[in-house]
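Q: 3D, please:
(2 chains)
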Amino acid sequence: MRTYVKFTAKAFSKQLAYRSEVWLRLIGNFVTVLIQVEIWRAVIGSERIEGVTLEQMITYSIINTLLLALLLHGISGKVDESLKSGSIASELIKPISYPLFLLFDGLGNTLYQLVFTVAPSLLIASLYFGMMPPASWTHLFAFLLALLLALLISFLLGYLISLLAFWFMNHFALSWMLGGFITIFSGAFLPIWFFPSSWITVANLLPFQYMGYVPAAIYLGNITTQELWQVIAVGLGWIAGLLILVQWLWTRAVKRLVLQGG
Amino acid sequence: MTIQLFSKLVRLLLKERMEYRGDFILSIFAQIVAYAGDYIVIWLFIKKFNTIAGWTWPEIAFLYSLGLITYALGASFSFVQMRDLEIQVKQGTFDSILIKPVNPYLYLVSRGFNLGYIAHISVSGFVLIWAMIELNMTWTIGDYMYLILAIISGAMIQAGILTVIGALSFIWVRTSFMFTLFFRLKDFISYPLPIFGTFIQILLTVVIPLAFVNFYPASYLLSNETTLLPIWAKWCVPIVGPLCYWVGYKLWMFGANKYQGAGG
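A: Got it, this is the predicted structure:
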């Protein structure tokens, strides 16, 4: 375990080299929140739509914009790189678990983003746009849990793509496709409560809502205390399912890798 | 870099892509799925709220497609070339471009001409035509000509801005986050400009003229409110693009002349 924590620390300090880009990232986050706030201001104004106020949508947009910075993005790119250069062979020889290395390495970046971009962005956004407090202590606790679920699901989906790339040899195409589904069904821009009912059914059958809608809706209290634990449990179920799937694919992918040689 | 040389290059690039036909088709399909996602989110949004600032779904689809098709046309001559420039400068491989007996800018952009944007162009072209049919416009030949000029000019605006960012890699070593910032700013023009405050409207009209890519031409063609500019400003649309591209080119050439070689 201590070894893996070191990977996190190393990835964190690697990112520190790019500290000078922090202000660009802050502007980027501000712009994204601003666009969404203005859109909601244009359609909601001072009314309530489906019981949702502008203030709530502002908080929803801030949470989702900042959550996006924390999710683990680069997994498939990283695997693809070592697959193409052949360095994956030396990764596999090391007496460590390759997927766990990827996870902890990714978390180093998440930690960096949290400290250097998300925290200051949160401060700026709450001062400029106004941010609502969490619905209750229970909701805050569940929100933090949901954040962890979001990180793990984003990692597992990225890792799944990188394993599928052992067969398709094109992780870009797979990531693009996954991205299309995430755009719609994560609810990161348009919350799922504004979807038509048939689309809500589909969104609920997919894991993507855990990467946007679920944490924000929990924070705002739009998911009631009774439903809360059920939602978290389903998220854990998705993680378990994805874990089994990637584990199975991994054993097959490694065999395939041998066939290709180095 | 003559037209003849360029068409020969495109044939070679096409051959190169077709070497891995399945892979190329998979990539195109994937990008179509990704952009369908963007369209669907906006469609779901308008299904719920009917309009954004008075713009209906086909009008927003027209606006968004105009932004996407000009991006694809402009970026095929600039984005990857400019994004990868920082690596070439860092590793010193940029030197090899300077010793070729052609203009280094023309060589770089045409050698890197990106056929991958065919997916963007097909999706946005399809939706653009669908929106025009849906809106049932009574357009004159002049309006169609104006649309074509607007597309060319819009592509030049996008390529011009990307070229300016590329030119920065001669000064700063890392530019990748500037590109990310550009894409964030580009999100502004997916929606009608008047929903944003005056400051943003001025910023996108004067400083980073992205509003001329799609908002102004679409407003004039669809007779929608523009708030900031008067009706005669319609004729700025075909001029802003070439101007923006010229500035990008000049800055890039200035940077390339200053280039000393960072790698070794």
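Q: what about A:L152, neighbour count?
A: Neighbours of A:L152 under the rule other Cβ atoms under 10 Å in any protein chain shown: 19. All C-beta atoms are positioned from the backbone trio N, CA, C, and that covers glycine.
Q: what residues are up against the closest residue to it other than its chain neighbours?
A: Spatial nearest neighbour of A:L152, chain neighbours left out: A:I239 (5.4 Å); criterion: Cβ to Cβ, 6 or more residues apart in numbering or on different chains. Shown in contact with A:I239 (Cβ atoms under 8 Å, 6 or more residues apart in numbering or on different chains): A:L149, A:L152, A:I153, A:L156.
Q: In stretch B:240-249, which residues are buried?
A: By neighbour count with 16 or more other Cβ atoms under 10 Å in any protein chain shown, stretch B:240-249 contains the buried residues B:V240, B:G241, B:L243, B:C244, B:Y245, B:G248, B:Y249.
Q: What are the phi and psi values at residue 226?
A: Went with chain A since none was named. The phi/psi pair for A:Q226 (degrees, to the nearest 10) reads phi -70, psi -40.
Q: oops, chain B please
A: Dihedral pair for B:T226: phi -110, psi -10, per degrees, to the nearest 10.
Q: how much space between it and B:L193?
A: 8 Å (Cβ to Cβ, to the nearest Å).
Q: shared neighbours of the two, anything?
A: Common neighbours of B:T226 and B:L193 (Cβ under 8 Å, 6+ apart) are B:F215.
Q: Compare the two and say which is more crowded by neighbours.
A: Using other Cβ under 10 Å as the criterion, B:T226 and B:L193 rank with B:L193 on top: 25 against 20.
Q: Surely that one is in contact with B:N214?
A: No: judged on Cβ atoms under 8 Å, B:L193 makes no contact with B:N214 at a distance of 9.5 Å.
Q: Beyond the one helix or strand B:L128 maps to, next helix or strand please.
A: According to DSSP states H and E, B:L128 maps onto helix B:118-135. Counting by DSSP H and E, the element after helix B:118-135 in chain order, helix or strand, is helix B:141-168.
Q: Are that following helix and chain A in contact anywhere?
A: No: Helix B:141-168 stays clear of chain A (Cβ under 8 Å from any Cβ of the partner chain), getting no nearer than 11.5 Å.
Q: Name the residues of that helix that are buried.
A: B:146-147, B:149-151, B:153-168.
Q: So which bits of stretch A:20-34 are buried?
A: Those would be A:21-22, A:24-34, for stretch A:20-34 by 16+ other Cβ under 10 Å.
Q: contacting residues for the most centrally placed residue in chain B?
A: Nearest residue to the geometric centre of chain B (Cα atoms, centre = their mean): B:Y71, 2.2 Å. With contact taken as Cβ under 8 Å, 6+ apart, B:Y71 is in contact with B:H120, B:A155, B:Q158, B:K186, B:V213.
Q: interface residues of chain B facing chain A?
A: Of all the residues in chain B, those lying near chain A are B:23, B:26-27, B:29-31, B:33-38, B:40-41, B:44-45, B:47-49, B:52-53, B:174, B:177-178, B:180-181, B:184-185, B:187-188, B:191, B:195-197, B:200, going by Cβ under 8 Å from any Cβ.
Q: make it 7 Å
A: Within reach of chain A by Cβ under 7 Å from any Cβ of the partner chain, chain B has these residues: B:23, B:26-27, B:30-31, B:33-34, B:36-38, B:40-41, B:44-45, B:47-49, B:52-53, B:177-178, B:180-181, B:184-185, B:187-188, B:191, B:195-196.
Q: residue boundaries of the strands in the chain?
A: Picking chain A for this. Counting by DSSP state E, one finds no strands in chain A.
Q: Return the residues of it in contact with chain B.
A: Checking chain A against chain B by Cβ under 7 Å from any Cβ, the hits are A:21, A:24-25, A:27-28, A:31-32, A:35, A:38-39, A:42-43, A:168, A:170, A:172-174, A:176-177, A:179-181, A:183-184, A:189-190, A:194-196, A:199.
Q: Check whether B:E134 really touches B:W57, as I assumed.
A: No: using Cβ atoms under 7 Å, B:E134 is not in contact with B:W57, being 8.4 Å away.
Q: Model confidence for residue 127, exactly?
A: Assuming you mean chain A. A:L127 carries a pLDDT value of 95.
Q: Chain B was what I was after
A: For B:V127, pLDDT reads 96.
Q: just A:G261 next, same as before
A: At A:G261, the predicted lDDT confidence score is 51.
Q: What ranges in the stretch 1-150 of chain B fall below the confidence cut-off?
A: When residues are selected by pLDDT under 70, those of the stretch 1-150 of chain B lie in B:1.
Q: if we go to 90?
A: Filtered on pLDDT under 90, the stretch 1-150 of chain B yields the residue ranges B:1-27, B:53, B:80-81, B:83-104, B:106-116, B:118, B:136-139.
Q: where do the helices sit along it?
A: Along the stretch 1-150 of chain B, counting by DSSP state H, counting those that start in this stretch, helices occupy B:3-18, B:21-49, B:57-75, B:79-83, B:85-91, B:95-98, B:104-111, B:118-135, B:141-168.
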